[in-house]
Every structure is written in structure tokens, then in C-alpha cells.
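J.: below are the sequence and a predicted model; questions follow.
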Amino acid sequence: MNNTKKVREGVIASVLFLLILLVTIFIPFLSIFSLFVLPLPFLVYTARYGWKPASILFLILLLVSTFFVAVPIAFLTGLTGLMIGSAINQQVSPYETWARGTVGYAVGIVALFLFVQVFLNINIIAEMNQTVEQSMETSEAFLSSFGLESTQEDLTIVIEQIEQLIHLLPVIIVVIAVICAFIIQYIGYKVLNWLDRYQLYFPPFRNFQLPKAMIWLYLIAIVTSWLNQDQSSMMYIVAWNVTSLAGLIIAMQGLSFVFYYTDKKKLSKAIPIITIVMIVLFPPLGLYMVRILGIIDLGFSLRERLAEK
């Protein structure tokens, strides 16, 4: 009976996945929403029956998706649903579930890049560099038409900044994966709570805690980037990506401490709201301040000290 139910629900999940996949392909303006819904059939099925039967279903649907030339999208969304669903099935913490979903989404994005590179013969990095050069030429011609001229030094600085942004592509991929995995997991929690009466929810953000090892990773990456100033070297690019990503994660720790301190001291809820607004409106200053706060919180165990008091 259980096997029959498992097969029947597998068929239902497959049909739902293929229907949403077709909507994503043939109705592009709905793809913004459907890409977040597409992992749900896999997520629900995996949460109920585990990763083994879900993996078989995943491979079958990958083969079927070849008829629609949609293997990258199917791989991206299916893998994310599989990772989050298996974490729910194993009853791990919401934050670990989020981390697994992030890994799945990031791997899917990388697979999408490889598909474009290998099968469509498009070098994304080269295309980005070419776009930057064309934009600079267009901007220079636009300024010249108004009698304004930019110095070679100014152009060099702008080009270097854009190239540094391109070098941060791995961090950008991870940030996108973090955001998308969170949205998918949140929707998945709501669906499972409704269908199967689960009690799934994210704990209060004020309880978000990183391991202390994150500080050492951050410091090692900073020192490595200082010791190697050749911005074209692989070591510098890796260290800079790790520094940027670790800095963002530690900033989350600092922001969660603001929520924790506000709740602990019964302060106005406007304080964390103002902090978020400052981060959004003034990212360099806002992120720097909460990152420092996150380092202090991790390094000196501020929450434990507050709890003791």
C-alpha cells in the first residue's frame, strides 16, 4: 500500500512539475514567479519519502525535460527542491536546511553557466568584458559630444572597479542562491504545514548564530588578500571572494544581534527597522557597522554575557 501511494504521489509530483515547467518556458513573464514554485513538487515529495525515491524521480524528469530543451531549469529547480526536501525529511534545523538549499541552487546556477558555455558556445565572462568595453566607448563618445572629456586615469579606475565586480561573480551567485533558497524554503514550509500539518517555521532571526570559526576564516582571507596584491592572480580573486562572502554572513550575525539586544532590553522595535533602512540606503556604511558588530558579538560572546547578566 505504501509503495502504491509513493508511486501515485510521484506521478502527481511529476505532472505538476512538468506543467509548471511548460508555463515557465512558454509564458516568460510568469517565469519570475514560477521559478519559485517549480521546486515545490520535488520538495514536498522528498520531504515525505526521502531522497532515494526522489532522486529516481529527479533523473526521470531530467530525461523528459530534454524534449523541451529545459534540462538546466529542471536541474536547477529540481535539485533545490531535492536538497531542501531531504533536509526537512531528516529533520535538521531550518538554517541547515537553508544552507543545503543554497548549495543546491548555487550548483544549479553553475550548471546553467556550463550549459550556456558548452552547448550554446557563449563565454559569459568574455561577453561581460566586451559589454563593459562597449559601454565605456559609448560613455566616452557621449561625453565628447557635449564637449566633456574624461581622463585616461578616470577610465582606468572605472574599468578596474567593473573588473573587480566581475571577479566577484562567485559571491553574486551565492547571494542569489541564498535569497532564492530562502524564498523557496519559506513557501515550502507553508505548503507542507497546510498539506501535512507540519509545524515548520524559521526561528526568530534574533537567534541566528554563526560558529566562531567564521571569524578565523574571515581574517585568514583578509590577510591572504593583503599578502597578494596582484588582482589578476587566482589566489587574490579567491581570497577576495571569500572575504566578501564571509563579510556579508558576519554582517547577518551583527544584524541579528541588533534584533537580539532590542528584544532582550525591551527597546523600541524601530531600532532594527532603522538599522535595516540604513543598510539598504547606505550599504557601505551600514554593512560595515553591522559587520563590526557581528565580529564583536562572535569574538567576545556578547549574547552569553547579556544572558548571564
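T.: Structure received.

J.: buried residues, the longest helix seen in the chain. List them.
T.: Of all the elements of type helix in the chain, the one with the most residues (DSSP state H) is helix 234-264. Applying a neighbour-count criterion of 16 or more other Cβ atoms under 10 Å, one finds 236-247, 249-262 buried in helix 234-264. Glycine gets a C-beta too; all of them are placed from N, C-alpha and C.

J.: touching, V44 and V191? I think so.
T.: Yes - with the criterion set as Cβ atoms under 8 Å, V44 and V191 qualify as a contacting pair; they are 6.2 Å apart.

J.: more neighbours, those two?
T.: When V44 and V191 are compared on other Cβ atoms under 10 Å, the one with more neighbours turns out to be V44, at 23 against 18.

J.: and the more buried one, what pLDDT?
T.: pLDDT, the model's per-residue confidence, is 94 for V44.

J.: same thing with the one 4 residues further on?
T.: Predicted confidence (pLDDT) at R48: the value is 92.

J.: hmm, it is touching L195, no?
T.: No - in this structure, R48 is not within contact of L195 by Cβ under 8 Å, at 9.2 Å.

J.: these two - which one has more neighbours?
T.: Between R48 and L195, counted using other Cβ under 10 Å, the more crowded position is R48 (19 against 11).

J.: helix/strand/coil for that one?
T.: helix (DSSP: H, G, I helix; E, B strand; the rest coil).

J.: the helices in this structure, which residues?
T.: 2-26, 31-37, 40-49, 51-65, 71-89, 94-118, 124-145, 152-167, 169-196, 213-227, 234-264, 270-281, 283-300, 302-308.

J.: ok, which of those comes nearest P203?
T.: When the helices of the chain are ranked by proximity to P203, the top entry is helix 94-118, at 6.3 Å, counting by Cβ to Cβ.

J.: what's that closest one packed up against?
T.: Under the contact definition 3 or more Cβ pairs under 8 Å, 6 or more residues apart in numbering; DSSP states H and E, helix 94-118 sits against helix 71-89, helix 124-145, helix 169-196.

J.: and these, which is most packed in?
T.: Relative to the other members of the helices and strands packed on helix 94-118, helix 71-89 carries the highest mean neighbour count by mean count of other Cβ atoms under 10 Å, namely a mean of 25.

J.: which intervals of the chain have sub-threshold pLDDT?
T.: Counting by pLDDT under 70, the ranges of the chain that qualify are 1-2, 124-125, 127-129, 132-163, 229, 231, 308-309.

J.: quick one, domains of it?
T.: For the chain, whose domains are defined here by automatic domain parsing, the residue ranges read 1-126+167-203, 204-309.
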